[in-house]
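[1] Compute the structure for the input listed below.
(one chain, ligands or ions: 1)
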Amino acid sequence: MSRVYNFSAGPAVLPESVLREAADEMLDYRGTGMSVMEMSHRSAAYQAIIDQAEADLRTLMGIPANYKVLFMQGGASQQFAMVPMNLMKNRVADYIITGQWAKKAWQEAAMYGQANAVASSADKTFSYIPDCSDLPISENADYVYICENNTIYGTKFHTLPNTKGKDLVSDVSSCFLSEPVDVTRYGMLYGGVQKNIGPAGVVIAIIREDLIREDVLPGTPTMLRYKTHADNGSMYNTPPAYGIYICGKVFQWLLDMGGLEEMRRRNVEKAKVLYDFLDASTLFHGTVVKKDRSLMNVPFVTGSKETDAAFVAEAAEAGFVNLKGHRTVGGMRASIYNAMPLEGVKKLVAFMDDFEKRRK
Ligand SMILES: *Cc1c(COP(=O)(O)O)cnc(C)c1O
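    Predicted coordinates for the structure are as follows:
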């Protein structure tokens with residue numbers, strides 16, 4: 001068996017210990033004589049798995065009792081519709097456009113009401129986070145929406161916007177559990193888990209109870225109402241059971257490591273290795289304004305398409321895979337999520353350094 005260093009933006013690297021444990025339990029989950037994949041979601045064994053997963057996530061993030069944790073399907077993209085369908089009481093919401101995911105969410109919301117783009121960094125290819133300290137927030141906005149970590153462009157809101165009292169809704173798909181957060185600053189945060197937590201197919205939403213309402217937009221399907229999932233402990237229908245089980249193992253892994261403070265320490269240390277190299281390199285350059293850099297997704301370029309392509313190919317040959325940048329941006333992108341070890345980043349940097357010297 002040989003594992004590569006996988007810098008994919010998602011689905012992405014998972015902790016090796018989690019994969020090993022899942023492999024050990026594959027044929028017989030703790031004496032049940034079956035795999036978690038084969039188990040009724042109404043069984044006591046499965047109820048214990050989902051209950052523990054929720055409890056551990058609450059511990060990790062310090063989720064207050066008046067917030068619900070919902071495990072759902074449909075990926076982050078389904079939330080682009082569920083958010084307005086459930087939260088647009090006045091049919092007005094303000095969106096901050098910092099990349100493609102925010103833009104998609106904004107365009108989707110426009111199908112249900114008045115979705116205002118109150119700030120955007122499109123003018124400089126989303127390479128920065130706009131100043132959000134004094135935005136023209138709409139008087140009757142139901143919420144203010146952000147994509148907190150921009151997976152494609154490699155920027156992150158290091159300061160949350162001033163929403164002037166409106167509820168903040170945040171897509172945290174690519175920074176989920178990468179550092180501590182103050183959940184009370186949000187009305188809702190959500191993310192697809194395939195970036196930093198588990199297998200694709202699960203989306204987790206953390207939502208303040210008063211936002212889970214009966215009076216959603218007319219025509220909202222049962223499955224797309226937060227209330228349906230909240231009232232049924234995320235088991236209105238068959239949940240993505242195996243995926244949730246793996247998420248639970250990742251929560252355990254994080255708790256064993258010391259929680260999100262320790263995760264942040266490691267992520268900062270890891271990202272610094274790569275950013276310091278990029279800042280000193282004469283061949284490779286980061287593409288993002290320094291103060292807005294993401295800890296998770298690091299885009300970089302050489303300035304030459306041919307050199308970029310040669311680098312991506314040689315890197316893959318050497319066991320550093322999925323370094324090609326997003327098709328809309330080009331260049332390279334190293335996603336260095338929680339489960340990417342420091343060693344992987346150090347080795348990548350050594351490889352980049354060697355590549356640079358060979359090009360001179
Ligand atoms: C990947 C990603 C999405 C889309 O996720 P899907 O689960 O494929 O719908 C949305 N937002 C962000 C920030 C992402 O990184």
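[2] so who does the residue of the stretch 251-360 of the chain found nearest the ligand touch?
    As assessed by Cβ to the nearest ligand atom, the ligand sits closest to Asn297 within the stretch 251-360 of the chain, at 8.3 Å. For every residue, glycine as well, the C-beta is placed using N, CA and C. By Cβ atoms under 8 Å, 6 or more residues apart in numbering, the contact set of Asn297 is Ala9, Asn149, Asn150, Thr151, Ile152, Tyr153, Gly154, Ser174, Arg333, Ala334, Ser335, Ile336.
[3] what do you get if the cut-off is 6 Å, keeping everything else the same?
    Contacts for Asn297 (Cβ atoms under 6 Å, 6 or more residues apart in numbering) come out as Thr151, Gly154, Ser335.
[4] Now it: phi and psi?
    phi -120, psi 120 (degrees, to the nearest 10).
[5] Burial check on the residue nearest to it when sequence neighbours are not counted, number of neighbours?
    Ranked by Cβ to Cβ, 6 or more residues apart in numbering and with sequence neighbours excluded, the top spatial neighbour of Asn297 is Gly154, at 4.5 Å. By other Cβ atoms under 10 Å, 30 other residues sit near Gly154.
[6] Correct me if wrong: Ser294 contacts Asn149.
    Yes - here Ser294 lies in contact with Asn149, judged by Cβ atoms under 6 Å, at a distance of 5.4 Å.
[7] Between the two, tell me which one has more neighbours.
    Neighbour totals were compared for Ser294 and Asn149, and Asn149 leads with 28 against 25 (other Cβ under 10 Å).
[8] which residues does the closest residue to the ligand within the stretch 201-350 of the chain contact?
    Proximity of the stretch 201-350 of the chain to the ligand (Cβ to the nearest ligand atom) peaks at Val203, 6.5 Å away. By Cβ under 6 Å, 6+ apart, the contact set of Val203 is Met72, Gly75, Ala76, Gly192.
[9] PyMOL command to pick out the buried ones of the residues you listed?
    In PyMOL, a selection of the buried entries from the contacts of Val203 looks like this (16 or more other Cβ atoms under 10 Å):
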select buried, resi 72+75+76+192
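[10] If we check the ligand, which of the contacts of Val203 are in contact?
    Gly75, Ala76, Gly192 (Cβ under 6 Å from any ligand atom).
[11] which SS state does the second one fall under?
    Taken by DSSP: H, G, I helix; E, B strand; the rest coil, the conformation at Ala76 corresponds to helix.
[12] quick one: contacts for the closest residue to it other than its chain neighbours?
    The shortest distance from Ala76 to any non-neighbouring residue, by Cβ to Cβ, 6+ apart, is to Gly192 (3.8 Å). Residues near Gly192 by Cβ under 6 Å, 6+ apart: Gly75, Ala76, Ser173, Val203.
[13] Do you have the helices of this structure handy? List them.
    Remark: helices assigned in the chain by DSSP state H are 16-24, 44-61, 75-87, 100-109, 226-231, 241-257, 260-280, 305-317, 342-358.
[14] could you dump these to CSV with mean pLDDT?
    Shown next, in CSV, are the helices of the chain (pLDDT from 0 to 100):
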stretch, mean pLDDT
helix 16-24, 98
helix 44-61, 98
helix 75-87, 98
helix 100-109, 98
helix 226-231, 98
helix 241-257, 98
helix 260-280, 98
helix 305-317, 97
helix 342-358, 98
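[15] Export the ones you listed to JSON lines and append columns for distance to Glu139.
    Rendered in JSON lines, the data for the helices of the chain read as follows (distance: least, Cβ to Cβ, whole Å):
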{"stretch": "helix 16-24", "distance to Glu139": "47"}
{"stretch": "helix 44-61", "distance to Glu139": "32"}
{"stretch": "helix 75-87", "distance to Glu139": "17"}
{"stretch": "helix 100-109", "distance to Glu139": "18"}
{"stretch": "helix 226-231", "distance to Glu139": "25"}
{"stretch": "helix 241-257", "distance to Glu139": "39"}
{"stretch": "helix 260-280", "distance to Glu139": "36"}
{"stretch": "helix 305-317", "distance to Glu139": "47"}
{"stretch": "helix 342-358", "distance to Glu139": "46"}
